[in-house]
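>>> Show me how the following folds:
(4 chains)
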There are 2 protein chains.
Amino acid sequence: MSHVKRRAESQRGPEPIRRTARGALKREKILDAAAKVIARRGYTGTTLSEIAEEVGSAGAGSLYHHFESREHLVEEVLRRGVQVAFEQSRRAIAALPAAAPPLERLNAAIRAQMLSVLVVSDYARATGRTTGQVPVEVWARVNADFRRYGRFYDRLIAAAMDAGEIDPKIDRSALRMLVIGAINWAPEWYRKDGTSSAEEIADLLVRFVTRGVAIRKPDR
Amino acid sequence: MSHVKRRAESQRGPEPIRRTARGALKREKILDAAAKVIARRGYTGTTLSEIAEEVGSAGAGSLYHHFESREHLVEEVLRRGVQVAFEQSRRAIAALPAAAPPLERLNAAIRAQMLSVLVVSDYARATGRTTGQVPVEVWARVNADFRRYGRFYDRLIAAAMDAGEIDPKIDRSALRMLVIGAINWAPEWYRKDGTSSAEEIADLLVRFVTRGVAIRKPDR
DNA sequence: GTCTATAACCGGATAGAC
DNA sequence: GTCTATCCGGTTATAGAC
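Numbers count the residues shown, from 1 in each chain, chains lettered A, B, ... in the order given. You can find the predicted model right below:
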């Protein structure tokens, strides 16, 4: 202990026993497996046995050498989930021309979020599915990350309103949550061999926000 | 037994031991409690103890006099959930003027479905939250009900397309599931004391789907 | 450091007293 | 018909062998 102690440790609670490079690698594999299982089963449905089996090598109780408890393991998966989605959104926005109008930036974020959940990352998928299932204690610890991401979205919407691109009378929070809901639910029904690709689904959702699916009568 | 045996019993498996009026009443109370708990915890998070506690009077194992197993209890909650939402949708459509265009009928159904999960019924809420968590065996038995409801929605969309009110190039299934997702997710974040009422949220979703929230540039 | 055995616990389900 | 005591299986977590 003492001066080598990581910043992360004091910020977000202990991340136990990660001494060697090999150990860190194993830790990653466990996290990946956990993300996959949680994405499949949800929080309450996830058992350590199934995670262990997914890892391949280990038996159930081996995980405790890398994680203090089931809750700590889940917690890190959730944290990474938001992180991935957040990162994808920021990256997508950064890829736009600097002069891109706010609404286009919002659209890019929505697209990125949908793709994160559908194809990019088990972590994002796990996180989306899990919200509202985790015990308050865990939630309290990851809450801040979620809120930060929420505010990010909210600013994108607000900017589009300020620019006169979105009706300012709309409840920003409700708008955001409706979109997030459609996204978080998507893994439940999306099939790789379905009629629409993930990109097409993302585009459809964006179209919802911008102009809807109705055909405008020629005049009036 | 013998000739009094209900049709329902042969159709959907046994509904055990409901002889007296008082018994039937208790059965209802248990179902209501189960719906409430499932809406709160999801399928995997629901325990018989919590349901019993919610009922008030009973201890955990008492439920077995009214239901063959946990799964059967859940199954009936699910079935009722679809039924309620379905019924609400049909009723809302029936309340429209007979000449109402297809798109308006679809909108009424969306509104009704949103209100079902937000304010009308624990059953509808429970059902929305649970999909995709239940074991395949249970799912297989309620599947038909869900599909029927899905087809109902699909026909509404198709009719609006035929009438030239919705862009026919859109993937009907994806459209439906995005909407359902936004609805099923809503109970997760909706608060009675929030900035928008349930009705306003329902209206926002309808607007979303039909014309989007963006402001149309005057020309072009 | 990794794994197996096992302890402690909890949830679903059954039996039988009242 | 209702409730309590109890069994059984599965889950988290720990101890200790290798």
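>>> For A:L31, which residues are in contact?
A:L73, A:E76, A:V77, A:R80 (C-beta atoms under 8 Å, 6 or more residues apart in numbering or on different chains). C-beta here means a position set from N, CA and C on the backbone, and glycine is covered the same way.
>>> For DNA strand C, tell me whether whichever strand or helix holds the third one is touching it.
In other words, A:V77. Secondary structure from DSSP states H and E places A:V77 in helix A:70-94. No: if you take C-beta under 7 Å from any atom of the strand as the test, helix A:70-94 misses DNA strand C, and the best it gets is 12.8 Å.
>>> Same question for the helix or strand containing A:A34: list its buried residues.
In this structure, A:A34 sits in helix A:21-45 according to DSSP H and E. For helix A:21-45, burial by neighbour count (16 or more other C-beta atoms under 10 Å in any protein chain shown) applies to A:26-27, A:30-45.
>>> same check, this time on stretch A:67-79
Using 16+ other C-beta under 10 Å as the test for burial, stretch A:67-79 gives A:F67, A:R70, A:H72, A:L73, A:V74, A:E75, A:E76, A:V77, A:L78, A:R79.
>>> next one: stretch A:159-166
In terms of neighbour count (16+ other C-beta under 10 Å), stretch A:159-166 has its buried residues at A:A159, A:A160, A:M161, A:E165, A:I166.
>>> Distance of the second one relative to B:G164?
So that's A:A160. Separation of A:A160 from B:G164 (C-beta to C-beta, to the nearest Å): 30 Å.
>>> what about the helices in chain A?
Taking DSSP state H to define them, one finds helices in chain A at A:7-12, A:21-45, A:48-55, A:70-94, A:102-115, A:122-130, A:136-162, A:172-189, A:198-210.
>>> Next, the contact list for the spatially most central residue of chain A, please.
Centroid-nearest residue in chain A, with C-alpha atoms, centre = their mean: A:A124, separated by 3.4 Å. If you count contacts by C-beta under 8 Å, 6+ apart, A:A124 has them with A:G81, A:V84, A:A85, A:Q88, A:Q113, A:S116, A:V117.
>>> Closest residue of chain A to DNA strand D?
Closest approach between chain A and DNA strand D, counting by C-beta to the nearest atom of the strand: A:G61, at 2.5 Å.
>>> and the gap between that residue and DNA strand C?
3 Å (C-beta to the nearest atom of the strand, to the nearest Å).
>>> Kindly report the same for A:A98.
Per C-beta to the nearest atom of the strand, A:A98 is found 47 Å from DNA strand C.
>>> same thing with A:S49?
10 Å.
>>> My understanding was that that residue contacts A:G61; is that so?
No: in this structure, A:S49 is not within contact of A:G61 by C-beta atoms under 8 Å, at 9.4 Å.
>>> And those two? Which one has more around it.
Neighbour totals were compared for A:S49 and A:G61, and A:S49 leads with 13 against 10 (other C-beta atoms under 10 Å in any protein chain shown).
>>> Can you give me every residue that contacts that one?
Contacts for A:S49 (C-beta under 8 Å, 6+ apart) come out as A:A60.
>>> rewinding a little: and the two most separated of the buried residues of stretch A:67-79?
Between any two of these, the greatest separation by C-beta to C-beta is 15.1 Å, found for A:R70 and A:R79.
>>> Chain neighbours aside, what residue packs nearest to A:A35?
Excluding its sequence neighbours, the residue lying closest to A:A35 (C-beta to C-beta, 6 or more residues apart in numbering or on different chains) is A:D122, at 3.9 Å.
>>> So the one you found sits against A:R80, correct?
No: if you go by C-beta under 8 Å, A:D122 and A:R80 don't touch, sitting 9.6 Å apart.
>>> which neighbours do these two share?
The contact sets of A:D122 and A:R80 overlap at A:A35 (C-beta under 8 Å, 6+ apart).
>>> Do I have it right that A:R172 meets A:A158?
Yes: shown here, A:R172 and A:A158 form a contact pair, counting by C-beta under 8 Å, at 6.4 Å.
>>> Flag the shaky bits of chain A, pLDDT-wise.
Within chain A, the stretches falling below the threshold (pLDDT under 70) are A:1-20, A:22-23, A:218-220.
>>> now do 90
Residues of chain A meeting the criterion pLDDT under 90: A:1-26, A:56-62, A:131-132, A:137, A:216-220.
>>> contacting residues around the closest residue to A:A202 other than its chain neighbours?
Distances taken as C-beta to C-beta, 6+ apart place A:M114 nearest to A:A202, at 4.0 Å, with adjacent residues excluded. Contacts for A:M114 (C-beta under 8 Å, 6+ apart) come out as A:I183, A:A186, A:A198, A:I201, A:A202, A:L205.
>>> Tally up the residues packed near the fifth one, please.
Other residues near A:A202 number 24, with proximity taken as other C-beta under 10 Å.
>>> What of the first one?
For A:I183, the tally of surrounding residues (other C-beta under 10 Å) stands at 26.
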